[in-house]
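Q: fold the following for me, if possible:
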Amino acid sequence: MVVPITKNAAFWLCSVLLAGTVLGAPRHASAAAAPAGAAQSAPAKPNTRAGMKEIFAERKDLFDKVSALTGIPWYTLAAIDQYERTINLAKKRKLPDGLIAIFFSDLQWGGILNPDHEDRSLSSIAFFGGLGQDGSGDGLADRASDLDRLYAMAHFLLQRGSAQEDLRIALWDFYQNARSVERIQQFSKIYAASDTLDLHEHCFVLPLRSDYSYRSTWGASRGWGGYRIHEGTDLFAGYGVPVRSATHGIVELMGWNPYGGWRIGIRDLNNVYHYYAHLSGFNKKEVSPGTVVRPGQIVGWVGSSGYGKPGTSGKFPPHLHYGLYRDNGLTDWSFDPYPHLRKWEREEGMRRRK
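A: As a prediction, the model looks like this:
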């Protein structure tokens, strides 16, 4: 049953926060000392594996609480937040302080005709048709507050309803971009399959025990089909060497491409598209479009397909072409995968030696 968002519900959420349960840990001294009504940001944590796991756990607990209050699945809220985080980074826009990356512009929050861009008054925001809401129960709609931003997004979504189709329509209303809606739905499916936010581990794309070689070839010229640059790294290996997913993600595309032959594309939670080309075949027993995959899962095998109509093979030595493309909300753009391959190869080797 969907619980309607009311003032009493907001005060309930506030009481949970003050009890120290929303973030899953005791309130820090710096936060406890802040004046009532002030925006509470997450304390800085070291950029370590343990620190990131703590952040993921705190953020997940916050999604769970708002989900219980509103009826919106936690993984939908998490997917929106993660999509906003990736777009903020792609656009080099400063991330909001705290745990939640969901972003509202001045005009969205306060209303398009609101002359006060820092308005936190619920009555005047409502008068001007703004989206700002009070999620902390302090009587203010504070755009700097994690709870207020997350609550405002949940409130906006529930104007359409809580069924999956209703949420899809609400996302379109908010973003006016089919690409954004698709990404959020993809992220939502990845999170729902795992029941955790801690899904950012990588592995190397070929088994470390296999015989392979590669070097940096990104940006080199290519001539087949017209002049173009090489948007990836070629990893040379024998026919049939397993090709593995480098990441947690979702299979976005599978099939034939005249340039890449049998190819598969996987979208990860950083909104990066992993492109595997020239395969000899796919692991059809385990993967198909829409399948959620994990690091190390076999998605296909090395081959020499491509440069022609479906089935063309043998025009070059067997190898895996691996590319990375980042989504900026409007299009994907290529970047050099070589440093990432070296990093993942090294990290996996270290894990194996432990």
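Q: what number of residues lie near K309?
A: 7 (other CB atoms under 10 Å). Where C-beta positions appear, they are placed from N, C-alpha and C, glycine not excepted.
Q: my guess is it contacts N257. True?
A: No - K309 lies out of contact with N257 (CB atoms under 8 Å); the separation is 11.2 Å.
Q: beta partners for G261?
A: When assigned by DSSP bridges, G261 has beta-bridge partners N257.
Q: residues contacting it?
A: Contact analysis of G261 by CB atoms under 8 Å, 6 or more residues apart in numbering lists 277-279, 303-307, 312-313.
Q: recalculate using a threshold of 7 Å.
A: With contact set as CB atoms under 7 Å, 6 or more residues apart in numbering, G261 has these partners: 277-279, 303, 305-306, 312.
Q: format the residues you listed as JSON lines; extra columns: secondary structure.
A: Written out in JSON lines, the entries for the contacts of G261 read as follows (DSSP: H, G, I helix; E, B strand; the rest coil):
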{"residue": "A277", "secondary structure": "strand"}
{"residue": "H278", "secondary structure": "strand"}
{"residue": "L279", "secondary structure": "strand"}
{"residue": "G303", "secondary structure": "strand"}
{"residue": "S305", "secondary structure": "strand"}
{"residue": "G306", "secondary structure": "coil"}
{"residue": "T312", "secondary structure": "coil"}
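Q: please spell out the ChimeraX selection for the buried subset of the residues you listed.
A: One line in ChimeraX is enough to select the buried ones among the contacts of G261; burial here means 16 or more other CB atoms under 10 Å:
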select :277,278,279,303,305,306
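Q: part of a strand, is G265?
A: Yes - with the criterion set as three-state DSSP, the secondary structure at G265 is a strand.
Q: okay, now it: neighbour count?
A: G265 is surrounded by 22 other residues when neighbours are defined as other CB under 10 Å.
Q: quick check: the gap between it and Y325.
A: Taken as CB to CB, to the nearest Å, the spacing of G265 relative to Y325 amounts to 9 Å.
Q: mutual contacts of those two, please.
A: Common contact partners of G265 and Y325 (CB under 7 Å, 6+ apart): 273, 275.
Q: next structured bit after the helix or strand of the chain at the bottom of the mean pLDDT ranking?
A: Within the chain, judged by mean pLDDT, DSSP states H and E, the helix or strand with the poorest mean is helix 29-32; its value is a mean of 30. Scanning the chain past helix 29-32 towards its C-terminal end, the next helix or strand to appear is helix 49-70 (assignment: DSSP states H and E).
Q: which other helices and strands contact that following helix?
A: Helices and strands in packing contact with helix 49-70 are listed as helix 7-18, helix 74-90, helix 146-158; criterion 3 or more CB pairs under 7 Å, 6 or more residues apart in numbering; DSSP states H and E.
Q: mind checking which of those is nearest F103?
A: Smallest distance to F103 across those (CB to CB): 5.4 Å, for helix 74-90.
Q: roughly how far out does the helix or strand just after that closest one sit from the chain middle?
A: Tracing the chain past helix 74-90, the next element assigned as helix or strand by DSSP H and E is helix 106-110. Here the centre of helix 106-110 is set off from its chain's centre by 24 Å, with CA atoms, centre = their mean, to the nearest Å.
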